[in-house]
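J.: Got a sequence here, can you model it:
(chains A, B and C)
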Amino acid sequence: MPVDGFMYPNEVELQWGVLIVLYPFLTGLVAGAFILASLERVFRVDAVKPTYRLALLTALAFLLVAPLPLQLHLGHPERSLEMYLTPHRTSAMAMFGFVYLWYLMAVLVVEIWLDYRKDIVLMMRSSKGLKKNLYRVMALGSDNISERALGIDNRVGWIVTVIGIPSAFLLHGYVGFIFGSVKANPWWSTPLMPVVFIFSAMVSGIATVMLLYMFTTKYRGREIDMRCVDTIARYLFYTFLIDFSLEMLDLIHRIYEADESFRSLDFMVHTKLWLSQVVIQIGVGTTIPLILLFMVQVFPMNAIVRKRIYALTGSLTIIGIFAMRWNVVIGGQLFSKSFLGYTIYKMGYVTREGLFAAIFLTLLPLAILWVLVKVLPPWPDSGSPLTSGISPAVGDDK
Amino acid sequence: MKITRRQLLILLPAAAVAWKYVRAGTPQESPNYNTSEHWWGMLLDITKCIGCGSCVHACQLENHVPDGYFRTWVERYVVRDWGFEHVSVDSPDGGKNGYPPLPWDQGKSFFVPKMCNQCADSPCTQVCPVGATFVSPDGVVLVDPKYCLGCRYCVQACPYGCRFINPETRTAEKCTLCYHRITKGLTTACCEACPTGARQLADLKDPNDPVHEFLKTHSVQVLKPHLATGSKAFYNGLDGSVR
Amino acid sequence: MKCAQSHPDVPWLTEPCRSSLFQLPSEACVGRTVDRLDGLWEIVGLIKETYGPFQPPAAMIAYKDVQHLFRLATVFVIGFVLFLILRAFLVPKSFGQFGHYRGDALQEIAARPISYAGHEVCEACHTDVFDLKKHGRHARVACESCHGPLENHVDDPGNVVPAKLDTALLCVRCHESIPAKPMDFPQVNTAEHSAELPCETCHKPHSPRIETEEKKK
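T.: Numbering: from 1, shown residues only, chains lettered A, B, ... in the order given. Coordinates of the predicted model:
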């Protein structure tokens, strides 16, 4: 028997597996990448401009893949349209469908479209055949890239970004609410859950875009803009501090109040979740990145050392945030609601909800990003008239 | 067999009543049932439960519950000292085939039958994204297997662990309070099979229901009252150590 | 406009009414060299140079500059309307009848087949057993509690005959002594009590109390 102690008979098998761990991880990356993009657009942090378009495309690539782990998990994926047809208004999960659709269509796609429209039209004019038709469809048949039109686009895009920031918070905050509102589960039920999810999402998104920017720039044989990555790393540090504080607050609060669930949960953290929570999430995934980022802020280091640190920090951060999702989702199902026992998670490998499916779904957004980058190049320094950036005809950072 | 007049006087009305119940098994009788006249619950008497597992067995047969999953089950508690923290619980195969013996000097011990609490403020209904699980007008929490997506949110939201996913239909499933029986005037399969009367179906809207009198004259509890689920599974003699 | 005469292939120069943007004195371009059509941007730069940053009056926002936004909005509206139409077809008709669920589900669940007939039905035919049982200790024990579900026997009494029960397994399920059972419930340690003999050697299942000679009198 996989059970340690006593569990209600129906609790022994875990309901939500690695795919449900993956889902908040992916939507978190989306929200985080978008917040980084909005830093430039709304808060006028010019230094991070080289990553603006890359961040948007990253968000789109991950958002397109985000529903797939859910579809694979459902007992009847063919009925998933019911969430749009008859959404139950008291259910946070039902609201997902609309928040997702809103964010995908009304925020992300519109913002990307408005920002890229000039390039799309120019590419339409300069290409032939199938490619020309593709771009024509993307431009919705419009050929107008006059300064007036682009100025209006800019204004509308700014408004969309402003709306997009709370939308990004909603997109990922509601995932936190899905867990945080389950009163039956004391590991999940806390008002801090949506806030912790949002901040850890921002951390993971910023780290991902930073890594992608560094990797793609190196891959294209260009020079990494140090002012850009230094700024991103600084924002990563600040966000991480807030995230860490929130998680520590939750922990300290639990230990102090020591309610009926505490003994059982404490034992679980010390045994079943020791590796994934204490070692990976807190140790390797949070404390080490925080120390490294702190050192970069305080001690002078040359560019090469800083790049190495950023690469390491970014990777550890992403691992740590994935571990956080794991600890929330899987951890919340390892203990019995009778507080008298524990079970184990038997992750399949080749099954529909198994490890290979999870790995595939993690790599798929990168493949999609590769395609997006080909169709809508985000590079600020490509040297052609088809430059990126918000204001037309003005040269960007070199 | 010689039938006396006395026996005939008993036999005929009994046959008439029986005929009504035989007929009740047919779907045509269902239209007579008016949901607004009933509000269903269950009384579970810990002082009477002997842990025989007949209820678990009967439920499985009546409702075709797959092996390894339980719409109802029985737990045995052994409370070793006065603190509620030191308790051991076991439920071998849900208690379906009874229990192995215990040494005598372990402390206070008793059986607790568990099932869906038919919550009036059901958290599982609250979280269902599509309306596949619902509270019927007569107070029974049901699952519509043709509409359920199998997202498992309801299983997570139930504080009592009474829901599971049926591996064949891949939809959520749980105790239906034998809705197909109670709407025809029969009692639930578990109540029918219980030899000691530890389980009793309760119609909280029917003043003639004997459970009303019991609820008025005894101290009854519900499980996890701090979660305010509006549970309608009332326990008599529930110890503080029960989870 | 002189500009239009010199540049007949530039569309916006020949549409003076629609374009409010380029109502310029034609002398602005005269004397300037413009290489190719892509020198469009050069002209725009030239205009900026001449007139400073362009600030059109708000009322003069031309439709063609927001046409693409209207097209985008149209795409959204069409999508929404299609969704509503789809919804009208796909939502089950009985949905919402009693609450946020498919109303037909109540009937479907209520119409499921029955396996346990209920003791009243047994008692109607098996009156002898009922008489024996009703004054005994097993009066409140339902027939199917021991005999299992028998609705199919009720439907076809002749052909469906319930199996004879094995008391060695059946009786101990309730009456084997386990500490957790209520103290007032009759229970024995069967190893000591019956020395492996089947229970019905001494106890009749339908009226299990053993009648002693004194009680019979």
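
J.: give me the number of residues near residue A:312?
T.: As a burial measure, residue A:312 scores 13 neighbours (other CB atoms under 10 Å in any protein chain shown). In short, each C-beta sits where N, CA and C put it, glycine included.

J.: How confident was the prediction at the closest residue to it other than its chain neighbours?
T.: Take residue A:312 and drop its neighbours on the chain: the residue closest to it by CB to CB, 6 or more residues apart in numbering or on different chains is residue A:292, 6.8 Å away. As predicted, residue A:292 sits at a pLDDT of 97.

J.: before we move on, what about residue C:217?
T.: pLDDT, residue C:217: 47.

J.: returning to what we had before: pull the number of nearby residues for the residue nearest to residue A:312.
T.: Residue A:292: 18 surrounding residues under other CB under 10 Å.

J.: With residue B:53 instead?
T.: Residue B:53 has 25 neighbours, counted by other CB under 10 Å.

J.: Assign a three-state SS to the residue in the stretch 151-300 of chain A positioned nearest to chain B, would you?
T.: The stretch 151-300 of chain A approaches chain B most closely through residue A:184 (3.7 Å), counting by CB to the nearest CB. Following DSSP: H, G, I helix; E, B strand; the rest coil, residue A:184 is assigned to coil.

J.: ok, now how distant is the nearest residue to it once chain neighbours are set aside from chain C?
T.: Computed as CB to CB, 6+ apart, the closest residue to residue A:184 that is not its neighbour in sequence is residue B:159, at 3.7 Å. For residue B:159, the distance to chain C equals 22 Å [CB to the nearest CB, to the nearest Å].

J.: Tell me who's in contact with residue 140.
T.: No chain specified, so I'll use chain A. If a contact means CB atoms under 8 Å, 6 or more residues apart in numbering or on different chains, then residue A:140 has C:68, C:71-72, C:75 as its contacts.

J.: um, chain C though
T.: Residue C:140 makes contacts with B:195-197, as judged by CB under 8 Å, 6+ apart.

J.: Can you name the residue of the stretch 251-398 of chain A nearest chain B?
T.: residue A:338 (3.6 Å).

J.: give the contact list for the closest residue to that residue other than its chain neighbours.
T.: Once flanking residues are discounted, residue A:338 sits nearest to residue B:243: 3.6 Å by CB to CB, 6+ apart. Neighbour list for residue B:243: A:337-340, B:87, B:89, B:223 [criterion: CB under 8 Å, 6+ apart].

J.: Please enumerate the helices of chain B.
T.: Here chain B has its helices, by DSSP state H, at B:5-24, B:54-63, B:123-127, B:153-157, B:179-182, B:189-193, B:210-217.

J.: Please apply the same query to chain C.
T.: For chain C, the helices defined by DSSP H cover C:2-6, C:40-51, C:63-90, C:104-110, C:119-125, C:127-134, C:143-147, C:151-155, C:167-175, C:190-194, C:213-216.

J.: Quick one: closest of the ones you listed to chain B.
T.: Comparison of the helices of chain C against chain B by CB to the nearest CB identifies helix C:119-125 as nearest, at 2.8 Å.

J.: near chain B, which residues of the stretch 51-200 of chain A show up?
T.: Residues of the stretch 51-200 of chain A lying close to chain B (CB under 8 Å from any CB of the partner chain) are A:70, A:73-77, A:79-80, A:82-83, A:86-88, A:90-94, A:96, A:178, A:181-185.

J.: Dump the contacts of residue C:140 to CSV, plus neighbour count, pLDDT and distance to chain A.
T.: What follows is the contacts of residue C:140, written out as CSV (neighbours: other CB atoms under 10 Å in any protein chain shown; pLDDT from 0 to 100; distance: CB to the nearest CB, whole Å):
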residue, neighbour count, pLDDT, distance to chain A
B:195, 20, 95, 22
B:196, 19, 95, 22
B:197, 14, 94, 24
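
J.: Which of those residues sits closest to residue B:38?
T.: Closest approach to residue B:38 among the contacts of residue C:140 (CB to CB): residue B:197, at 21.0 Å.

J.: quick one: contacts for that closest one?
T.: Taking CB under 8 Å, 6+ apart, one finds B:45, B:48, C:140 in contact with residue B:197.

J.: which residues touch the first one?
T.: Contact partners of residue B:45, counting by CB under 8 Å, 6+ apart, are B:197-200, B:235-237.

J.: go on, residue C:97?
T.: Per CB under 8 Å, 6+ apart, neighbours of residue C:97: C:103-104.

J.: Same question for residue C:170.
T.: Taking CB under 8 Å, 6+ apart, we find residue C:170 in contact with residue C:146.

J.: pLDDT at it, what is it?
T.: At residue C:170, pLDDT is 88.

J.: any idea how far it lies from residue A:372?
T.: Separation of residue C:170 from residue A:372 (CB to CB, to the nearest Å) stands at 69 Å.

J.: Residue A:69 looks like it's in a helix, true?
T.: Yes: assessed with three-state DSSP, residue A:69 lies in a helix.

J.: Spatially central residue for chain B, please.
T.: Centroid-nearest residue in chain B, with CA atoms, centre = their mean: residue B:115, separated by 5.1 Å.

J.: Any idea what it is bridged to?
T.: Assessed by DSSP bridges, residue B:115 has beta-bridge partners residue B:72.

J.: Write out the residues of the stretch 201-350 of chain A neighbouring chain C.
T.: Proximity of the stretch 201-350 of chain A to chain C is not found for any residue under the rule CB under 8 Å from any CB.

J.: Chain neighbours aside, what residue packs nearest to the closest residue to chain C within the stretch 201-350 of chain A?
T.: Relative to chain C, the nearest point of the stretch 201-350 of chain A is residue A:340 (16.4 Å; CB to the nearest CB). Counting by CB to CB, 6+ apart, residue A:340 lies nearest to residue A:6, which is 4.3 Å off, once chain neighbours are set aside.

J.: Quick check: the one you found vs residue B:231, distance?
T.: Applying CB to CB to residue A:6 and residue B:231 gives a distance of 21 Å.
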